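>>> Predicted structure and sequence below. I'll ask about it afterward.
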Amino acid sequence: MEYYLRIILSVIIIATAPLAGGVILGADLFISSRMKGIGKISLFQPFIDVNKLLKKQTLEEDKDKLPFIFGHFIFSLASLALLVFRQDILFIVMMNLLSWIFLLMYGFFSSKISERLASKRGLYMILSCFPVLFAFGGSVYILTGGYTVQNIINFQGNLLLRLPFIFIAVIMVIMIRSGKPPFDNSVSDSPINLKTTVGIIEGLYGKQLALVQVTGWINTAVMYFMIGLFYIKTPWIAVLLAALVFLLQCFMSNIFPKFKNQYIYRNVPVILFGLVMINVLWIALKEYL
């Protein structure tokens, strides 16, 4: 009986997590609009926008893009399902990266130069984020003896105190993945504001753009779930930690100017790799010496 209840609860979480991601994005817009003094934006603006997009007719010539957009959605949903069912961290990372790659594939096959250029920059950012996420999985194995979310839950130590530099790197990856300043907003599946879309998704319209926006909600939920894993032993602290990271990102994205692209693509990968390697070497030496 307990097994079936756990399955039902997991399915409910998978169904409601995208809605939570939409609320998080709406809260981001709500706070940012007030910090920038650009008027009042509803907390439910992402849902309003998707509802409007669903009512628009998809252009006939855009239907060849559907496999890429659908792949983007499916692999993102798979990463969420694996996370909720407490599966392998490396599989979760792979599914989420594949979701991003499918979006980049759409951009590479686009007829618009701006979308192709954004996809090239996005591929470079994937190569920057890849070591961070896999180092997180490797560090979980060193500390817990396994790769799964269940291993993290069963871990008796404090993951946040053992992986502080990887935690910082994961926050940077979330900001990169979300296209938040000071990072490049053209490589994200989220629009820069409510009225225009940029970079990879600027050519999307109607139901296809709505599907990409819902996928963005799923990715947001997955990323904040990952933050919560650093203190999952105490759920209310995990939620508080995710909320603090959210507020920190809102503050940083509205205070700091956008980095020059040369700085992002030259220095950010080095910074991310340096942070994770320091942490991996530290815990490896501590565990095995």
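Arrived safely, thanks for sending. Numbers count the residues shown, from 1 in each chain.
>>> now the helix ranked longest in the chain: mean pLDDT?
With DSSP state H applied, the helix covering the greatest number of residues in the chain is identified as helix 2-36. Mean pLDDT, helix 2-36: 83.
>>> Only the buried residues of that helix, if you could.
Neighbour counts over helix 2-36 (16 or more other Cβ atoms under 10 Å) mark 13-14, 17-18, 20-33 as buried. All C-beta spots, glycine's among them, are computed from the backbone N, C-alpha and C.
>>> other SSEs contacting the worst-scoring helix or strand of the chain on mean pLDDT?
When the helices and strands of the chain are scored by mean pLDDT, DSSP states H and E, helix 261-288 comes last with a mean of 80. Counting contacts by 3 or more Cβ pairs under 8 Å, 6 or more residues apart in numbering; DSSP states H and E, helix 261-288 packs against helix 113-144, helix 164-178.
>>> of all these, which lies closest to F273?
Across those, F273 has its closest neighbour in helix 113-144 (5.4 Å, Cβ to Cβ).
>>> and the closest one with helix 164-178, angle?
Put simply, helix 113-144 runs at 160 degrees to helix 164-178, going by axes from the mean of the first three to the mean of the last three Cα atoms, to 10 degrees.
>>> just for the chain, where's the confidence low?
1-2, 37-39, 57-63, 184-198, 256-264, 287-289 (pLDDT under 70).
>>> rerun that using 50 as the cut-off
For the chain, applying pLDDT under 50 flags the ranges 192-197.
>>> N151 in helix, strand or coil?
helix (DSSP: H, G, I helix; E, B strand; the rest coil).
>>> Ok, K233 next?
Applying three-state DSSP: K233 is coil.
>>> With adjacent residues omitted, what lies nearest to it?
Distances taken as Cβ to Cβ, 6 or more residues apart in numbering put I153 closest to K233, at 7.1 Å, once the chain neighbours are dropped.
>>> Who are the contact partners of that neighbour?
R86, I232, K233 (Cβ atoms under 8 Å, 6 or more residues apart in numbering).
>>> Just to check, Y205 is in contact with K56?
Yes: using Cβ atoms under 8 Å, Y205 is in contact with K56, at 6.8 Å.
>>> Neighbour count for those two, which is higher?
Neighbour count, other Cβ atoms under 10 Å: between Y205 and K56, Y205 has more, with 17 against 13.
>>> Return the distance of that one relative to L53.
Using Cβ to Cβ, to the nearest Å, Y205 is found at 8 Å from L53.
>>> before we move on, what about I174?
I174 is 25 Å from L53, by Cβ to Cβ.
>>> burial of G145, as a residue count?
When neighbours are counted by other Cβ under 10 Å, G145 registers 10.
>>> Please read the previous query as pertaining to M226.
M226, neighbours per other Cβ under 10 Å, totals 24.
>>> which residues touch the closest residue to it other than its chain neighbours?
Closest residue in space to M226, ignoring its immediate chain neighbours: V170 at 6.3 Å, by Cβ to Cβ, 6+ apart. Shown in contact with V170 (Cβ under 8 Å, 6+ apart): V132, L133, F136, M226, I227.
>>> if I read this right, the third one contacts I166, doesn't it?
The one in question is F136. Yes: contact criterion Cβ under 8 Å: F136 and I166 qualify, at 5.5 Å.
>>> Of all the helices and strands packed on helix 261-288, which one is nearest Y265?
helix 113-144 (5.6 Å).
>>> by how many degrees do that closest one and helix 261-288 diverge?
Using the same axes, to 10 degrees: helix 113-144 against helix 261-288 is 10 degrees.
>>> buried residues in helix 113-144?
Buried residues in helix 113-144 (16+ other Cβ under 10 Å): 115, 118-119, 121-126, 128-140, 143-144.
>>> Now list whatever residues contact both of F136 and I166.
V276.
>>> Can you give me the separation between the nearest residue to P18 once chain neighbours are set aside and S76?
By the measure of Cβ to Cβ, 6+ apart, the closest residue to P18 outside its immediate chain neighbours is W217, 4.4 Å from it. W217 is 9 Å from S76, where distance means Cβ to Cβ.
>>> next one: G21
In terms of Cβ to Cβ, G21 sits 10 Å off from S76.
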